[in-house]
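Structural data only, the sequence is not supplied:
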């Protein structure tokens, strides 16, 4: 019998090449990491992880250019984390769960920063455009 699994993977996204043009938001040193959870129907954890590896290879093979005409490449971090979904996916159903043991004490703000990262300021938010497909963005002026 096949069951649903959520498989988490993390990718580094890097812009490579010399930009044709830059603007005030361009930062040559910034990297982006993407945290993805993809669901699969599989008979067990190993089958779900095998499907996840295949899907991850397809995902990282998609190469596109940013608005600075740099190539954006993805590299997967080695680890996957799989979760068996106990209910049929749907509204209000748990898709993925994981836990961590952390040496305390920890404030709620520290916990939020650990799990979700620190809030981005407006400048950091604008720098995200370096990692967006130029086909969906207006050209820089």
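Cool, got the structure. In this text, all values refer to a predicted model and were calculated from it rather than measured experimentally. Numbering: from 1, shown residues only.

Any idea what the residue nearest the centre of the chain is bridged to?
The C-alpha lying nearest the average C-alpha coordinate of the chain belongs to residue 34 (C-alpha atoms, centre = their mean; 1.8 Å). Beta-bridge partners for residue 34, by DSSP bridges, are residue 11.

That one is in contact with residue 11, isn't it?
Yes - between residue 34 and residue 11 there is a contact at 4.6 Å, judged by C-beta atoms under 8 Å. Where you see a C-beta, it was placed from the backbone N, CA and C, and this is true even at glycine.

overlap in contacts of those two?
residue 74 (C-beta atoms under 8 Å, 6 or more residues apart in numbering).

Which strands and helices lie in contact with the strand or helix carrying residue 46?
Assigned by DSSP states H and E, residue 46 falls within helix 45-61. Using 3 or more C-beta pairs under 8 Å, 6 or more residues apart in numbering; DSSP states H and E, the elements in contact with helix 45-61 are strand 3-16, strand 32-42, strand 71-85.

which parts of it are buried?
47, 48, 49, 51, 52, 56, 59, 60 (16 or more other C-beta atoms under 10 Å).

for stretch 69-87, same thing?
Quick answer for stretch 69-87 (16+ other C-beta under 10 Å): 70, 72, 73, 74, 76, 80, 82, 83, 85.

Please report how far the fifth one lies from residue 132.
When distance is defined by C-beta to C-beta, to the nearest Å, residue 76 is 20 Å away from residue 132.
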